[in-house]
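1. Any chance you could fold what I've pasted below:
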Amino acid sequence: MKNSNDPEQGYHLIAELHGCPKELLEKADKLKEILMSSAKDAGFDIVNEAFYQFDPIGATGVVVLSASHISAHTWPEFNYVALDIYSCGWAEKAKKALDLCLKRFKSNKFEIKEVLRFR
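-> Residues are numbered from 1 along each chain as shown. Okay, here's the model as predicted:
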């Protein structure tokens, strides 16, 4: 298996976040704030973003990175976030972004799956 920071390899984190405070999950602007700041603070270059507000509550969004993406879908009624972080060759940045998201969503229980992808 190649090194997870190999530029020829993709690194994918799939996370299930439980127990997140409902008020962090209800609105697209809060979701955007969490994902954008986590991507930036992890050292990624942000190239685009798109967020959608569900009625009356819940949001979905994606931050497009030069190295791939971070996306999330919220279910405030279940205090749940489905989080996806994919990075081409930058495992450490992806792990840092995940740690930041876990803290900012205030998840009290989470499951994480790591997938190495080859290009």
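2. Tell me where this structure is predicted with low confidence.
-> Applying pLDDT under 70 to the chain flags residues 1-8, 119.
3. mind listing the strands for it?
-> For the chain, the strands defined by DSSP state E occupy 9-18, 46-53, 59-65, 68-75, 80-88, 109-118.
4. In a markdown table: these, plus distance to L100 and mean neighbour count.
-> Glycine gets a C-beta too; all of them are placed from N, C-alpha and C. Formatted as a markdown table, those follow (distance: least, CB to CB, whole Å; neighbours: other CB atoms under 10 Å):
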| stretch | distance to L100 | mean neighbour count |
| --- | --- | --- |
| strand 9-18 | 12 | 19 |
| strand 46-53 | 14 | 14 |
| strand 59-65 | 12 | 20 |
| strand 68-75 | 10 | 21 |
| strand 80-88 | 10 | 21 |
| strand 109-118 | 13 | 12 |
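5. Adding distance to A28, write those strands out as a markdown table.
-> Putting the strands of the chain into a markdown table (distance: least, CB to CB, whole Å) gives the following:
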| stretch | distance to A28 |
| --- | --- |
| strand 9-18 | 17 |
| strand 46-53 | 4 |
| strand 59-65 | 4 |
| strand 68-75 | 9 |
| strand 80-88 | 13 |
| strand 109-118 | 22 |
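6. Which one, of these, ends up nearest to L25?
-> Across the strands of the chain, L25 has its closest neighbour in strand 68-75 (3.8 Å, CB to CB).
7. Which neighbouring elements make contact with the closest one?
-> Helices and strands in packing contact with strand 68-75 are listed as helix 28-41, strand 59-65, strand 80-88, helix 91-105; criterion 3 or more CB pairs under 8 Å, 6 or more residues apart in numbering; DSSP states H and E.
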